[in-house]
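**Q** I need the structure of the sequence given here:
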Amino acid sequence: MEKKNVTPTVKQLLCASAEKYGEETFIKFVRNDAVEERSYVRVKTDSEAVCRWLRSISKDRMHVAVVGKTNYEYITCITGVLLSGNVVVPFAPDISAKEAAELFDRADIDMVLYDSAFEQNIDEVRANCPKIKHAVDLADEHFFADIYEKYSERSEFASLSDYEADPEKCAVIIFTSGTTGIKKGVMLSMNALVGNVLYKEYINIFAERTSTLSVLPMHHIYCFSGDYLKNLCDGVQVCLNSNLSEIVTNLQRFEPNAMRVVPMIAQHLLQRIKIAASKNPDMTPAEAAKTVLGRNLNWMTSGGAYLDPILAEEFDKLGIMLRQGYGMTEVGCRISVPDRGVSIESVGRVIDICDVRIENGEIQVKTPTIMLGYYKMPEETAKMFTEDGWFKTGDIGYVTEDRQLFITGRVKNLIILSSGENVSPEAIEKKFKKLSLVSEVVVYGEKDHLVAEIYPDFEHAEQEGVKDIPAEIERHMDEINAGSKSSHFVSELRFRDEPFEKTSSGKIKRKETVVG
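**A** As a prediction, the model looks like this:
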């Protein structure tokens with residue numbers, strides 16, 4: 001698709017894709033144990049029907065919450081809301097009634113589209129949110145089949161979709177994970193949503209990408225932008241995976257050649273491959289990988305959390321490229337993307353629509369796809385920008401002359417020693433993660449010394465016959481502390497029996513660990 005011909009609205013993107021790719025399959029999914037397909041044209045017509053349905057309910061601008069697992073109706077609903085000029089507010093399917101009531105109220109939700117997992121909460125939420133005027137069950141496929149027919153382009157409601165949403169107004173509100181304080185609703189315009197997928201790639205590393213398995217939840221911008229809008233633009237088939245427990249099943253069923261993941265998923269898949277290899281000693285590791293991942297998978301993009309280069313190297317040995325990009329909800333998604341020829345330690349190259357500078361070690365960004373702000377939180381919004389208008393990412397790192405971006409830590413995680421020195425815990429944690437006996441680790445300061453709290457890899461210890469895990473890790477402390485100032489040495493190790501608590505994207509909730 002020629003990017004210069006696509007205007008910055010979802011409607012124009014949808015129409016251009018339908019015109020170019022027509023009846024080619026865009027979406028594949030499983031329903032009632034059978035694989036169903038929807039073409040680019042069908043996604044367009046069904047989404048337009050949802051748009052007309054919404055505009056028949058109200059011409060006034062509504063805030064529409066969408067709560068559920070990723071399925072076909074979820075996609076047509078989100079798209080329909082965007083086409084209708086309303087504001088879509090996506091949420092995780094497992095959100096509690098209490099949290100939903102709080103966030104729905106803060107987001108001024110007028111309508112809720114929900115699936116069966118949220119059904120038990122809807123009455124309680126509506127009782128606590130009097131602003132909600134409409135609630136519709138996403139799991140009712142017959143209801144939506146009726147909408148697709150009743151509000152089709154052949155119906156009396158056809159003219160209701162003759163509407164162009166203002167590309168500069170808020171189109172979506174996405175609540176951040178909130179690992180440090182109250183959740184904030186990031187407001188993104190249509191320009192930000194579409195503009196962030198129209199960046200110019202340095203080298204077309206995705207040239208052979210024809211299908212992808214969408215495994216991450218669409219309420220995250222990483223998935224919504226990457227698995228939906230980007231693939232809509234590029235003509236890549238999207239196979240939906242609604243449940244994390246079914247990833248391997250669907251990899252084997254659909255046999256995609258690409259997938260977006262978080263490191264936790266990549267690690268899980270590697271373990272499955274190792275198990276398959278141990279059960280089939282006559283197979284090469286690459287052959288064992290194909291029995292788990294399908295015959296075609298050769299590319300995975302990682303985001304959402306730090307990707308250990310060792311994990312990427314393990315997949316390289318299997319003939320599968322696993323590389324990480326970098327982005328934030330507040331910038332519309334991408335800041336940098338994977339590229340051939342970059343260091344495996346980097347998070348790719350900064351995209352052409354982003355400018356990056358480093359101020360006091362912090363990565364700061366300017367881009368036309370920056371957020372409009374946090375919904376009804378002007379003071380919090382102001383804190384995120386410098387006086388000259390640069391967005392403060394909160395990440396520490398550096399950028400090279402050829403625009404490779406490297407992240408070395410988080411500003412908020414810096415440990416301030418009594419001497420006034422700053423210590424980045426992530427740099428130390430990377431050293432620990434190179435030890436095969438360390439599964440997870442968090443480094444923090446306590447009483448003027450550094451502590452490393454470790455969740456060991458008990459399975460590996462058993463395989464290697466290690467009886468005293470703490471003693472074995474203690475033997476490596478000289479190499480862990482090598483090259484650091486004595487004031488930066490880790491002087492205490494603590495061990496835990498359970499993994500650290502994590503966010504939905506797989507990041508360790510560091511604040512809870514340090515406070516606890």
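**Q** Can you name the residues that contact the residue nearest the centre of the chain?
**A** Nearest to the mean C-alpha position of the chain, by Cα atoms, centre = their mean, lies residue 222 at 3.4 Å. Residues counted as contacts of residue 222 (Cβ atoms under 8 Å, 6 or more residues apart in numbering) are 216, 260, 303-304, 327, 333, 505. Yep, even glycine has a C-beta here, placed from its N, CA and C like the rest.
**Q** Cross the residues you listed against strands and list the overlap.
**A** 260, 327, 333 (DSSP state E).
**Q** ok, and the most crowded of the residues you listed?
**A** residue 333 (28 neighbours; other Cβ atoms under 10 Å).
**Q** What residues does the closest residue to residue 338 other than its chain neighbours make contact with?
**A** Take residue 338 and drop its neighbours on the chain: the residue closest to it by Cβ to Cβ, 6 or more residues apart in numbering is residue 323, 3.6 Å away. The neighbourhood of residue 323, defined by Cβ under 8 Å, 6+ apart, consists of 300-302, 307, 312, 338, 342, 344, 348.
**Q** so how far is the helix or strand hosting the residue nearest to the centre of the chain from its chain's centroid?
**A** For residue 222, the host element (DSSP states H and E) is helix 221-223. Offset of helix 221-223 from its chain centre (Cα atoms, centre = their mean, to the nearest Å): 4 Å.
**Q** could you give the mean pLDDT of that helix?
**A** Mean per-residue pLDDT for helix 221-223: 91.
**Q** Confirm for me that residue 413 is in contact with residue 422.
**A** No: judged on Cβ atoms under 8 Å, residue 413 makes no contact with residue 422 at a distance of 10.2 Å.
**Q** I'd like the distance between residue 370 and residue 431.
**A** Residue 370 sits 35 Å away from residue 431, taking Cβ to Cβ, to the nearest Å as the criterion.
**Q** So between those two, which is more surrounded?
**A** Neighbours were counted for residue 370 and for residue 431 using other Cβ under 10 Å; residue 370 has more, 23 against 20.
**Q** Local confidence estimate at the more buried one?
**A** pLDDT for residue 370: 96.
**Q** swap in residue 178?
**A** Residue 178 carries a pLDDT score of 50 in this model.
**Q** what do you get for residue 286?
**A** So residue 286 comes in at 96 (pLDDT).
**Q** Could you do residue 504 as well?
**A** Value for residue 504, per-residue pLDDT: 65.
**Q** With residue 7 instead?
**A** In this model, residue 7 carries a pLDDT of 46.
**Q** same deal with the one 10 residues further on?
**A** Taken from the predicted model, the pLDDT recorded for residue 17 is 94.
**Q** do the same with residue 290
**A** The model reports residue 290 with a pLDDT of 97.
**Q** can you tell me how far it sits from residue 276?
**A** According to Cβ to Cβ, residue 290 stands 9 Å off from residue 276.
**Q** ok, and the closest non-adjacent residue to residue 424?
**A** residue 409 (3.5 Å).
**Q** where does that neighbour fall, phi/psi-wise?
**A** phi 170, psi -170 (degrees, to the nearest 10).
**Q** Show the model's pLDDT score for it.
**A** 87.
**Q** Neighbours of it, how many?
**A** Per other Cβ under 10 Å, the neighbour tally for residue 409 reads 23.
**Q** helices or strands next to the helix or strand harbouring residue 444 in the packing?
**A** In the assignment (DSSP H and E), residue 444 maps to strand 438-446. The helices and strands touching strand 438-446, judged by 3 or more Cβ pairs under 8 Å, 6 or more residues apart in numbering; DSSP states H and E, are strand 415-416, helix 425-433, strand 449-456, helix 510-515.
**Q** Quick one: mean pLDDT for it?
**A** Along strand 438-446, the predicted confidence averages to a pLDDT of 92.
**Q** Then stretch 56-73?
**A** 94.
**Q** circling back: out of the contacts of residue 323, which comes closest to residue 42?
**A** Distances from residue 42 to the contacts of residue 323, taken as Cβ to Cβ, are shortest for residue 301 (26.8 Å).
**Q** hang on, that closest one is in a strand, isn't it?
**A** Yes: when DSSP: H, G, I helix; E, B strand; the rest coil is applied, residue 301 is found to be in a strand.
**Q** give me every residue that touches it.
**A** Contacts for residue 301 (Cβ under 8 Å, 6+ apart) come out as 226, 258-261, 323-325, 338.
**Q** For it, give the beta-bridge partners.
**A** Residue 301 has these beta-bridge partners by DSSP bridges: residue 260, residue 323.
**Q** re earlier: who has more neighbours, residue 413 and residue 422?
**A** Using other Cβ under 10 Å as the criterion, residue 413 and residue 422 rank with residue 413 on top: 21 against 14.
**Q** Stretch 352-365: which residues count as buried?
**A** 353-354, 356, 362-365 (16 or more other Cβ atoms under 10 Å).
**Q** can you tell me the distance between the two ends of that stretch?
**A** End-to-end distance for stretch 352-365: 12 Å, by Cα to Cα, to the nearest Å.
**Q** didn't residue 254 look like it was pressed against residue 294?
**A** Yes: between residue 254 and residue 294 there is a contact under Cβ under 8 Å: 7.3 Å.
**Q** hey, what's in contact with both of those two?
**A** Common neighbours of residue 254 and residue 294 (Cβ under 8 Å, 6+ apart) do not exist.
**Q** Could you list the low-confidence segments of the stretch 401-516 of the chain?
**A** Residues of the stretch 401-516 of the chain meeting the criterion pLDDT under 70: 418-420, 504-505, 514-516.
**Q** do that again at 50, thanks
**A** Residues of the stretch 401-516 of the chain meeting the criterion pLDDT under 50: none.
**Q** Tell me where the stretch 151-300 of the chain has helices.
**A** With helices called from DSSP state H, counting those that start in this stretch, the stretch 151-300 of the chain shows them at 190-195, 221-223, 231-234, 247-254, 263-279, 285-293.
**Q** Look up the pLDDT of the nearest residue to residue 103 once chain neighbours are set aside for me, please.
**A** Residue nearest to residue 103 in three dimensions, not counting chain neighbours: residue 175, with 6.1 Å by Cβ to Cβ, 6+ apart. For residue 175, the pLDDT comes out at 95.
**Q** Could you tell me how far residue 175 is located from residue 9?
**A** Residue 175 is 24 Å from residue 9, by Cβ to Cβ.
**Q** Quick check on the two: which one has the bigger neighbour count.
**A** Ranked by neighbour count (other Cβ under 10 Å), residue 175 and residue 9 place residue 175 first, with 23 against 20.
**Q** residue contacts, the more buried one?
**A** Counted by Cβ under 8 Å, 6+ apart, residue 175 has contacts 89, 91, 103, 107, 183-186.
**Q** SS state for residue 51?
**A** The three-state assignment at residue 51 reads helix, by three-state DSSP.
**Q** Tell me who's in contact with it.
**A** Counting by Cβ under 8 Å, 6+ apart, the residues that residue 51 touches are 79-81, 83-84, 160-161, 163.
**Q** Swap in 6 Å and give it another go.
**A** Each residue near residue 51 by Cβ atoms under 6 Å, 6 or more residues apart in numbering is listed here: 80, 83-84, 161.
**Q** Now intersect those residues with the strands, please.
**A** Among the contacts of residue 51, no member lies in strands (by DSSP E).
**Q** Turn these into a markdown table, columns for distance to residue 51 and pLDDT.
**A** Below are the contacts of residue 51 laid out as a markdown table (distance: Cβ to Cβ, whole Å; pLDDT from 0 to 100):
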| residue | distance to residue 51 | pLDDT |
| --- | --- | --- |
| 80 | 4 | 96 |
| 83 | 4 | 95 |
| 84 | 4 | 95 |
| 161 | 5 | 88 |
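**Q** Looking at the residues you listed, spot the one nearest residue 402.
**A** Of all the contacts of residue 51, residue 83 has the smallest distance to residue 402: 39.5 Å, by Cβ to Cβ.
**Q** With residue 44 as the reference, measure out to the residue nearest to that closest one when sequence neighbours are not counted.
**A** Using Cβ to Cβ, 6+ apart and skipping the chain neighbours, the partner closest in space to residue 83 is residue 51 (3.9 Å). For residue 51, the distance to residue 44 (Cβ to Cβ) stands at 10 Å.
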